[in-house]
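S.K.: Below is the sequence, then the predicted model.
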Amino acid sequence: QKEVEQDPGPLSVPEGAIVSLNCTYSNSAFQYFMWYRQYSRKGPELLMYTYSSGNKEDGRFTAQVDKSSKYISLFIRDSQPSDSATYLCAIDERNTGFQKLVFGTGTRLLVSP
Amino acid sequence: DSGVTQTPKHLITATGQRVTLRCSPRSGDLSVYWYQQSLDQGLQFLIQYYNGEERAKGNILERFSAQQFPDLHSELNLSSLELGDSALYFCASSPSTGNNEQFFGPGTRLTVL
C-alpha cells in the first residue's frame, strides 16, 4: 500500500463548479498536510498548508484534514479555467525536525469555460 | 517564477551514460531538495541538503548522488543511466530544514534512449 493515495483523474468540471479533491494516507502519525498545484511544464507550487485536523480557508480554496479517517481534501469554490492543473497532496513525514514530503500521484483537473 | 533555477531544461542521452543536473536555490535559502517525477511513480523525494550537508534521503538509487557546494548551488549526478530513469527532475529550496514551504524550480526533463 502506498503511503499516500490519490485518484489521478482527470476530473472535468464546468466553470463555476465546486471541486473536491481527495487523498488518503496510511500513517496516523502524520501531522503536516499540504496541497501543491502544478501547471503543465512547471514545477509544483504550494497552495495550502495545514497542521493536524480541521479546516483552513484561503480565498476560494479550503483544505480539510480528517485524521480519524486519514483523509485530506481540497475544495475549490467557483472554479475557473485558470484552476486547470494537476493538484498534488503532500504529507510531511518529518520525525527528526527535517521536512520530508511524500506526495500523492496528483489529480488532473480540467475546468471548461 | 519561484526564484529557483535549474539547468539544463532538457537532456537527451543514451543508456549507460552519466549526466549532471544543476540547481541554484532562491537567494538566501540554505536547504535544497531533489525530486524525481515520472508518470507511474509521481513525485518522489530523492535527497535533501542543508548548508552543504546531507540531511535526509529518500528513494535515491545508488547510481545517483548529489552534493551542495559552498555557494549553495547543488548538483544531482545520475550514472549508468537506464531507460527507466527518464523523468522530470525537480529541485526545490527552502530557507531552513523545517520550513513548510518548498519552492520548486522548473525542472529538467531527462530522456534516456
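M.R.: That came in fine, so what should we check first?
S.K.: what about the residue in chain A that chain B sits nearest to, which helix or strand?
M.R.: In chain A, the residue that lies nearest chain B is residue A:43 (3.2 Å; C-beta to the nearest C-beta). Where C-beta positions appear, they are placed from N, C-alpha and C, glycine not excepted. Following DSSP states H and E, there is no helix or strand that holds residue A:43.
S.K.: Confirm for me that it is in contact with residue B:106.
M.R.: Yes - between residue A:43 and residue B:106 there is a contact at 5.5 Å, judged by C-beta atoms under 8 Å.
S.K.: Up against chain A, what does chain B have?
M.R.: Those residues of chain B that sit near chain A, judged by C-beta under 8 Å from any C-beta of the partner chain, are B:2, B:4, B:33, B:41-45, B:48, B:50, B:55-56, B:58, B:90, B:92, B:94, B:97-107.
S.K.: So what pairs up with the closest residue to chain A within chain B in the strands?
M.R.: Scanning chain B for the residue nearest chain A gives residue B:104, at 3.2 Å (criterion: C-beta to the nearest C-beta). On the basis of DSSP bridges, residue B:104 is bridged to residue B:92.
S.K.: With residue A:112 instead?
M.R.: residue A:14.
S.K.: Then residue B:78?
M.R.: residue B:19, residue B:64.
S.K.: Tell me who's in contact with it.
M.R.: B:18, B:19, B:20, B:21, B:63, B:64, B:85, B:110 (C-beta atoms under 8 Å, 6 or more residues apart in numbering or on different chains).
S.K.: The residue sitting nearest the centre point of chain B: what secondary structure?
M.R.: By C-alpha atoms, centre = their mean, the mean C-alpha position of chain B lies nearest to residue B:34, the distance being 3.2 Å. What DSSP: H, G, I helix; E, B strand; the rest coil gives for residue B:34 is strand.
S.K.: swap in residue A:79?
M.R.: Relying on three-state DSSP, one would call residue A:79 coil.
S.K.: re the thing from before, among the residues of chain B next to chain A, which lie within strands?
M.R.: The strands, defined by DSSP state E, take in B:33, B:42-45, B:48, B:50, B:55-56, B:90, B:92, B:94, B:103-104 from those.
S.K.: quick one: which of those residues has the most company?
M.R.: Using other C-beta atoms under 10 Å in any protein chain shown as the neighbour criterion, residue B:33 leads these with 29 neighbours.
S.K.: Quick check: beta-bridge partners of that residue?
M.R.: Beta-bridge partners of residue B:33, as defined by DSSP bridges: residue B:48, residue B:92.
S.K.: Return the residues in contact with it.
M.R.: Counting by C-beta under 8 Å, 6+ apart, residue B:33 has contacts A:101, B:45, B:46, B:47, B:48, B:91, B:92, B:93, B:94, B:102.
S.K.: The fourth one - how many residues pack around it?
M.R.: Read it as residue B:47. 22.
S.K.: how much space between it and residue B:56?
M.R.: Remark: distance between residue B:47 and residue B:56 (C-beta to C-beta, to the nearest Å) = 7 Å.
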